[in-house]
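>>> From the sequence below, what's the structure:
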Amino acid sequence: MLKYKYKNWLTGAAICGALFSATAVNADDKVYRLKLAETWGANTPILGETSKKMAQLADSMSNGRLKISIDSSNKHKAPFGVFDMVRAGQYDIGHSASYYWKGKVPNTLYFTTMPFGMTTPEQYGWFYHGEGQALMNEVYGKFGMLSFPGGNTGVQMGGWFQKEINSLEDVKGLKIRIPGFAGEVWAKLGAKPVNIAPGDLYTALERKTVDAVEWVGPSLDIRMGFHKIAPYYYTGWHEPASELQFLVNKKKFAKLPADLQVILKTAMRSAAYDMYIQSYHESAVNWDTMKKEFPGIQVKSFPPEVIAAMRKANTELLAEAAAKDPLAKRIQDSQAAYMQKARAWTNISDKAYLNSLAD
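Numbering: from 1, shown residues only. As a prediction, the model looks like this:
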């Protein structure tokens with residue numbers, strides 16, 4: 001199964017390896033071994049596949065000189081400990097999501113996605129051609145790490161709910177699993193957000209430890225089975241471009257030869273982009289399956305008064321963060337300025353196209 005799944009990737013990797021052959025000829029023959037810790041459990045689709053694809057590419061492009069072994073959360077037992085393990089040098093690389101570290105370093109949350117923020121193409125533009133990558137490394141550099149985009153899910157759904165949300169009153173006291181800045185927005189509206197490891201989400205929803213669970217979208221939700229126990233599926237507002245991350249120990253990275261540094265960054269970038277495409281494909285396929293097999297699923301959007309309250313809370317929270325930290329303000333300003341330019345194009349391209357097809 002794994003061999004078949006990566007067949008096309010290995011073919012592409014062989015081609016990429018040829019492109020790097022000139023560099024490899026002049027490089028030393030030493031094999032460099034890196035250890036990667038991921039937040040995801042063993043065999044987690046899409047998320048876990050991304051780190052494996054990255055390692056496969058690095059191996060192939062380096063002609064076997066760069067080997068990356070992967071430990072899933074079931075082995076290292078610390079799904080939310082990746083930041084600390086890479087920082088300490090226990091692992092050389094991590095694959096996780098930046099907003100998981102907001103409790104340690106608040107400015108890390110900006111590099112996953114932000115409520116009412118950029119779409120995936122807009123955000124990739126900011127990372128690779130705007131100030132995003134530089135700002136991200138400024139934040140992580142203080143902790144001896146580099147961070148690179150690690151794969152995008154695209155727009156995430158608003159979550160699976162046991163009861164319908166018809167007003168702001170329905171939000172008060174609502175127990176919802178949701179990470180990142182969106183959790184703070186929910187809290188400001190009177191909800192009770194919590195962060196729960198992926199492997200415990202279904203049980204929490206089934207036993208009503210929580211009233212709602214936000215995960216990803218059909219690409220990954222179908223495997224989790226939330227649609228079997230929660231009838232209301234809300235559309236997204238909070239994570240329009242959810243980017244994972246590859247965390248890299250800075251000292252370990254510096255010890256790699258220059259050509260392997262380039263190969264590692266290229267492998268990460270290629271695997272990250274492919275995850276976005278794969279996520280989109282899987283969501284399309286899985287949503288079709290979910291609709292047919294569970295016709296009782298009700299897709300809902302949050303009422304206008306709830307969305308308005310969320311936007312207001314989001315604006316207030318951003319202002320509070322910017323007032324406390326000059327770097328937070330710089331990141332916010334950079335994102336806002338880039339989105340203003342990019343969104344003007346999005347509005348007359350993708351949005352205008354879709355609107356022209358509307359009934």
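>>> Would you mind measuring from Lys255 to Asp71?
Lys255 is 20 Å from Asp71, where distance means Cβ to Cβ, to the nearest Å. C-beta coordinates here come from the backbone N, C-alpha and C atoms, glycine included.
>>> try Ser98
Taking Cβ to Cβ as the measure, Ser98 falls 20 Å from Asp71.
>>> Comparing these two, which residue is more hemmed in?
Ser98 (26 against 16; other Cβ atoms under 10 Å).
>>> where in this structure is pLDDT low?
1-27, 359 (pLDDT under 70).
>>> Try it again at 50.
Applying pLDDT under 50 to the chain flags the ranges 1-15, 17-26.
>>> can I see the domain layout of it?
What automatic domain parsing lists as the domains of the chain is 2-155+241-282, 159-239+303-357.
>>> of the ones you listed, which approaches Thr289 most closely?
Closest approach to Thr289 among those is made by domain 159-239+303-357 (6.6 Å; Cβ to Cβ).
>>> just so I have it, where are all the helices in the stretch 51-200 of the chain?
Ranges of helices in the stretch 51-200 of the chain, per DSSP state H, counting those that start in this stretch, are 73-76, 82-88, 120-129, 132-141, 180-188.
>>> Relative to Val155, which of those is closest?
Of all the helices of the stretch 51-200 of the chain, helix 120-129 sits nearest to Val155, with 7.6 Å by Cβ to Cβ.
>>> re the thing from before, ok, and which of the domains of the chain has the densest surroundings?
domain 2-155+241-282 (a mean of 19; mean count of other Cβ atoms under 10 Å).
>>> now the helices of the stretch 51-200 of the chain in a markdown table, with distance to Thr203?
Converted to a markdown table, these look like this (distance: least, Cβ to Cβ, whole Å):
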| stretch | distance to Thr203 |
| --- | --- |
| helix 73-76 | 16 |
| helix 82-88 | 23 |
| helix 120-129 | 31 |
| helix 132-141 | 33 |
| helix 180-188 | 20 |
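>>> right, so of those, which gets closest to Leu205?
The closest of the helices of the stretch 51-200 of the chain to Leu205 is helix 180-188. By Cβ to Cβ, the value is 16.0 Å.
>>> With just CA atoms, put that closest one into PDB.
The C-alpha atoms that make up helix 180-188 are tabulated as PDB, following Å, rounded to 0.1, in the frame of the first residue of the first chain:
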ATOM      1  CA  GLY A 180      -5.300  28.600  18.100                       C
ATOM      2  CA  PHE A 181      -6.600  32.200  18.000                       C
ATOM      3  CA  ALA A 182     -10.100  30.900  17.100                       C
ATOM      4  CA  GLY A 183     -10.300  29.400  20.600                       C
ATOM      5  CA  GLU A 184      -9.700  32.800  22.100                       C
ATOM      6  CA  VAL A 185     -12.500  34.200  19.900                       C
ATOM      7  CA  TRP A 186     -14.900  31.500  21.000                       C
ATOM      8  CA  ALA A 187     -14.000  32.200  24.600                       C
ATOM      9  CA  LYS A 188     -14.700  35.900  24.200                       C
END
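>>> and that helix, how far out from the chain's middle?
Chain-centre distance of helix 180-188: 17 Å, with Cα atoms, centre = their mean, to the nearest Å.
>>> Show me what it is packed against.
Here helix 180-188 is seen to pack against strand 192-194, helix 304-324 when contacts are counted using 3 or more Cβ pairs under 8 Å, 6 or more residues apart in numbering; DSSP states H and E.
>>> circling back: what's the closest of the helices of the stretch 51-200 of the chain to Asp274?
helix 120-129 (12.8 Å).
>>> Could I get the contacting residues of Leu109?
98-99, 101-102, 180-181 (Cβ atoms under 8 Å, 6 or more residues apart in numbering).
>>> What is the most widely separated pair among those?
Maximum pairwise distance among the contacts of Leu109 (Cβ to Cβ): 12.5 Å, between Trp101 and Phe181.
>>> Backbone dihedrals for Lys351, both of them.
Dihedral angles of Lys351 (phi, psi; degrees, to the nearest 10) stand at phi -60, psi -50.
>>> Equivalent analysis for the one 5 residues further on, please.
Note on Ser356: its backbone torsions stand at phi -70, psi -20 [degrees, to the nearest 10].
>>> measure it to Gly125 for me?
From Ser356 across to Gly125, the span is 24 Å (Cβ to Cβ).
>>> picking that back up, mind putting the helices and strands packed on helix 180-188 in CSV, distance to Phe83 included?
Below are these laid out as CSV (distance: least, Cβ to Cβ, whole Å):
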stretch, distance to Phe83
strand 192-194, 19
helix 304-324, 19
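>>> between the ones you listed, which one is nearest to Ser219?
Nearest of the helices and strands packed on helix 180-188 (Cβ to Cβ): strand 192-194, 22.7 Å.
>>> Pull up the pairing partners for the closest one, direction included.
Sheet pairing for strand 192-194, assigned by DSSP bridges, gives strand 175-177 (parallel).
>>> Any idea how far the partner strand is from the middle of the chain?
Using Cα atoms, centre = their mean, the offset of strand 175-177 from its chain centre is 19 Å.
>>> What are the contacting residues of that strand?
Here strand 175-177 has contacts from 159, 186, 191-196, 201, 204-205, 209-214, using Cβ under 8 Å, 6+ apart.
>>> So in the protein, which helix runs the longest?
Ranked by number of residues, the top helix in the chain under DSSP state H is helix 258-293.
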